[in-house]
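Q: model this:
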Amino acid sequence: MAMTMQQFIRLADPDLDEIWHEDEPGLEEQYSRIFNIESMDNLYRREAEMAGFGTFSEIADGEAVTYDDAIAPRERRYDFVTRGKGYKVTRKLWQNDRYGEVMQFEADLRRADTDDTETFAFALLANATTTTTSTGFDGLALASTAHTRLDDGPVQANRPTSLTALSLTALEDAAIAFTKFLDHRGRPFRSQPRDLVIPVDLSLVANEILASAMNPNTANNATNALKNVFNITPLATRYITATTFWALLGDMHDINVIWRNRPFQKNETEFDTQTIKRATWKDIARGHGRWYGFYQGNT
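A: Residues are numbered from 1 along each chain as shown. Got it, this is the predicted structure:
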């Protein structure tokens with residue numbers, strides 16, 4: 001339904017001294033700092049994961065070398081979704097707005113689009129312990145205690161069995177666990193924790209842990225070993241609403257936001273009613289393939 005002059009009759013009133021519109025500056029773009037951002041022009045994206053060869057074995061004098069097979073790929077698929085929003089205003093409202101507020105509807109739509117992209121992306125982390133938003137090559141959630149290996153080796157965890165509140169000790173344990181991930185042949189997966197993603201509720205706690213040169217939990221002038229060994233940067237976001245959430249992302253994660261069509265706008269005027277219509281659309285996908293490079297401490 002179009003917005004009409006009757007609904008916004010105050011915009012035609014000449015005696016308003018002030019009218020407040022949602023014109024605050026937008027938040028800093030955060031999703032592109034955290035996620036891998038890609039673009040492509042296909043209906044969907046398919047990826048495969050495979051593994052190479054296993055451990056070398058000793059060869060006795062005169063014996064033949066042992067031959068091995070690479071492990072065949074397993075696949076996952078990213079499907080794009082179309083998201084959008086529009087608005088309609090009557091010609092009378094457009095022409096009789098004395099304050100230029102109708103002209104600001106376009107900026108309102110851009111802010112709504114920006115907010116939607118951030119929310120859409122960060123839902124990957126907010127729902128990392130469930131399969132509602134994304135499943136990886138192993139068919140499991142991004143954060144799981146039972147990630148499978150292609151060589152049928154022991155399962156691995158990138159979250160603790162009992163989720164833990166953010167603290168120096170918990171973050172130390174997470175950072176160590178992060179560096180001990182093994183690939184599909186049992187070899188070290190080389191990735192270092194890079195970002196600590198938290199809600200704004202934990203920004204002071206994170207700063208106390210990561211900014212102090214000394215251990216914040218003792219008065220004995222002990223060194224803050226976490227700060228000295230790991231170069232972890234806190235990123236507080238309002239798009240994680242759980243007040244206890246925290247997670248580490250590494251320099252080799254596979255958590256992705258993929259664009260097919262970045263936001264684009266169209267407008268038209270209906271001939272019969274002279275109603276002005278404007279809308280924004282975008283085609284976007286999200287998800288993860290490999291879970292490596294991510295560790296979640298709490299939801």
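Q: Show me the helices in the stretch 151-299 of the chain, by range?
A: Under the criterion DSSP state H, counting those that start in this stretch, the stretch 151-299 of the chain contains helices at 168-178, 203-211, 225-229.
Q: Show me the shaky parts of the stretch 151-299 of the chain.
A: The stretch 151-299 of the chain contains residues with pLDDT under 70 at 213-223.
Q: I'd like to know which of the helices of the stretch 151-299 of the chain lies nearest to residue 258.
A: Residue 258 lies closest to helix 168-178 among the helices of the stretch 151-299 of the chain, at 25.0 Å (C-beta to C-beta). (Glycine included, C-beta is placed from N, CA and C.)
Q: Return the alpha-carbon coordinates of that closest one using CSV.
A: Provided in CSV are the C-alpha atoms of helix 168-178 (Å, rounded to 0.1, in the frame of the first residue of the first chain):
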residue,chain,number,x,y,z
LEU,A,168,41.7,-14.9,30.4
THR,A,169,41.9,-18.6,31.2
ALA,A,170,39.1,-19.5,28.8
LEU,A,171,40.6,-17.5,26.0
GLU,A,172,44.0,-19.0,26.6
ASP,A,173,42.5,-22.5,26.4
ALA,A,174,40.7,-21.6,23.2
ALA,A,175,43.8,-20.1,21.6
ILE,A,176,45.9,-23.3,22.4
ALA,A,177,43.1,-25.5,21.1
PHE,A,178,42.9,-23.4,17.9
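Q: Taking helix 203-211 as reference, get the angle to that helix.
A: 60 degrees (axes from the mean of the first three to the mean of the last three C-alpha atoms, to 10 degrees).
Q: Tell me the buried residues in helix 168-178?
A: The neighbour-count check on helix 168-178 (16 or more other C-beta atoms under 10 Å) flags 168, 170, 171, 172, 174, 175, 177, 178 as buried.
Q: got any ranges where the stretch 1-150 of the chain has weak pLDDT?
A: By pLDDT under 70, the low-scoring segments of the stretch 1-150 of the chain are 16-19, 23-26.
Q: Helices along the stretch 1-150 of the chain, start to end?
A: Under DSSP H, counting those that start in this stretch, the stretch 1-150 of the chain gives helices at 31-34, 91-96, 105-126.
Q: Quick one: closest of those helices to residue 13.
A: Closest to residue 13 of these is helix 91-96 (C-beta to C-beta; 10.1 Å).
Q: Can I get that closest one as CSV, trimmed to CA atoms?
A: Provided in CSV are the C-alpha atoms of helix 91-96 (Å, rounded to 0.1, in the frame of the first residue of the first chain):
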residue,chain,number,x,y,z
ARG,A,91,2.1,11.9,-6.1
LYS,A,92,0.2,14.2,-3.7
LEU,A,93,2.5,13.3,-0.8
TRP,A,94,5.6,13.7,-3.0
GLN,A,95,4.6,17.1,-4.2
ASN,A,96,3.3,18.6,-0.9
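Q: quick one, what contacts the most centrally placed residue in the chain?
A: Per C-alpha atoms, centre = their mean, the C-alpha nearest to the average position across the chain is that of residue 122, at 3.6 Å. Residues near residue 122 by C-beta atoms under 8 Å, 6 or more residues apart in numbering: 30, 31, 34, 237, 239, 240.
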